[in-house]
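Colleague: need a structure here:
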Amino acid sequence: MIRPLYRWLKRTPVAWLQVSHNPVKLSIALAGVSFSNLLMFFQLGLLDSVYNSQRKPIDHLRADLVMVSSGYSNLGALQTFERSRLFQALGVNGVEAVSPLRIMRGSWITPGSQKTFDITVFGVNLARPSLAFPELEANPFQLQPLGNALFDRNAKPQYGPIPEQLKTQNPVTVEVNRQRLRIIGTFPLGATFAADANLIVSENTLQMLFPQQDPRRIQLGLIQLRPGADVVAVQRALQPLMQQDVKVLTRDELSRLEVRYWERHSAVGFIFSLGVLVGFLVGSIIVYQILFGDVMNSLPQYATLKAMGYTDSYVIAVVIQQSAILAVVGFVPGVLSSMALYWLLANVTKLAVAMSLLRASQVLALTFVMCVGSGALATRKLVKLDPADVF
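Modeller: Residues are numbered from 1 along each chain as shown. So this is what the prediction gives:
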């Protein structure tokens, strides 16, 4: 095994010499590959951040199991069920506690501009808060006075500079559903498809904001299990106790349902996937033009190799190796610039955009397919090349 490797290392690196002999052309090719990578990373990152924004409220649920209406589709259009269904779970072995969570969409009036925007309002049980935010868990009873609320500090700017105002005045008085609320603190969540901002209030305050809603009906029922309890076993024990209007899901199942809904019922996935395809095509065209031009300029050299007895597969392999080198070398600046772009997007837009090993592997694989495919197309002239025609 060592001897073949040694022979391979001693071979002249024809592909690398072909790629690197013209620095200007190499720079253009690498810039094209990197730009293509940047486009693909940008689209995939935004798509992932959109789906992550939908998962964020679910990730912050203080629950091992979640009860939802049997007609559940997504968090932005929740159906209600009887609160009494939730307390039936307390009789199942392994269940430690339950807590209701009511979620409504209100009308926020921005202080100063008086513009109106939708806002998601979470109504929590203060004895056992349903949401896992340190600002809430540290002192849930700060929300006990009617009208007190926590504001989402990752909200879009159109909701006003509430976090900044809290630094100089506390509370900040705002208006939701034509009712006065006192913002006494903040928590981090961010925009979802349902609304671009969120509030956490007590159940009593939520009832004040939505007096027409039946307090006996809830949107989510959260179930906490005892340490060591088997989540799947408790889920199987609970489901038969519920009538057909309620189903019991693990938090992961609820998260997958949420993402699946937006994948199938919105144009988001198609639009961003189209952006990835555009990046792929742009890179393919650039690499093809570079390699095809290199092949045409080097036809006498390739003809000489064939006249010396080198096979078609050898000269084709040289071009394929060139394309592989461009894929690997061009990917490095592409992924580095994409990480910088992700950092900028995360800080400016508050979206959960971050580089992952899986996404980097996906784009690297696409880059290989893009470059090697373009290289294969550029070798068509070499297959038909006859040294007698060149000399």
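
Colleague: what ranges do the helices span in the stretch 101-250 of the chain?
Modeller: Under the criterion DSSP state H, counting those that start in this stretch, the stretch 101-250 of the chain contains helices at 134-137, 162-168, 203-209, 231-238.

Colleague: Could you give the average pLDDT over the third one?
Modeller: Per-residue pLDDT values across helix 203-209 average out to 95.

Colleague: Ok, the longest one next?
Modeller: The predicted model assigns helix 231-238 a mean pLDDT of 90.

Colleague: per-residue confidence for residue 249?
Modeller: 91.

Colleague: And for it, the neighbour number?
Modeller: 19 (other CB atoms under 10 Å). The way it works is simple: take the backbone N, C-alpha and C, and place the C-beta from them, glycine included.

Colleague: Residue 369 now?
Modeller: Neighbour count of residue 369, defined by other CB under 10 Å: 13.

Colleague: Also residue 298?
Modeller: Going by other CB under 10 Å, the residues that sit close to residue 298 add up to 18.

Colleague: Please name the nearest non-neighbouring residue to it.
Modeller: Leaving aside its chain neighbours, residue 298 sits nearest to residue 18 (6.9 Å; criterion: CB to CB, 6 or more residues apart in numbering).

Colleague: wait, which of the helices of the stretch 101-250 of the chain is closest to residue 314?
Modeller: Ranking those by proximity to residue 314 (CB to CB) places helix 231-238 first, at 57.3 Å.

Colleague: Does residue 72 belong to a helix, a strand or coil?
Modeller: Counting by DSSP: H, G, I helix; E, B strand; the rest coil, the backbone at residue 72 sits in coil.

Colleague: list the contacts for it?
Modeller: Counting by CB atoms under 8 Å, 6 or more residues apart in numbering, residue 72 makes contact with 78, 79, 247, 257.

Colleague: How much space separates it from residue 207?
Modeller: Distance of residue 72 to residue 207, computed by CB to CB, to the nearest Å: 23 Å.

Colleague: And residue 223, by the same measure?
Modeller: Per CB to CB, residue 223 is found 23 Å from residue 207.

Colleague: between these two, who's got more neighbours?
Modeller: residue 223 (24 against 18).

Colleague: Check the contact between residue 224 and residue 90; I expect there is one.
Modeller: No. Counting by CB atoms under 8 Å, residue 224 stays clear of residue 90, with 10.8 Å between them.

Colleague: residues bridging contact with those two, i.e. touching both?
Modeller: Joint contacts of residue 224 and residue 90 (CB under 8 Å, 6+ apart) are 97, 98.

Colleague: Tell me which of those two has more neighbours.
Modeller: Between residue 224 and residue 90, counted using other CB under 10 Å, the more crowded position is residue 224 (17 against 11).

Colleague: quick one, what contacts the more buried one?
Modeller: Listed by CB under 8 Å, 6+ apart, the contact partners of residue 224 are 62, 63, 64, 95, 96, 97, 98, 99, 128.

Colleague: Look up which residues are beta-bridged to it.
Modeller: Taking DSSP bridges, one obtains residue 97 as the residues bridged to residue 224.

Colleague: most centrally placed residue in the protein?
Modeller: For the chain, residue 48 is the residue whose C-alpha lies nearest the centre (CA atoms, centre = their mean; 1.8 Å).
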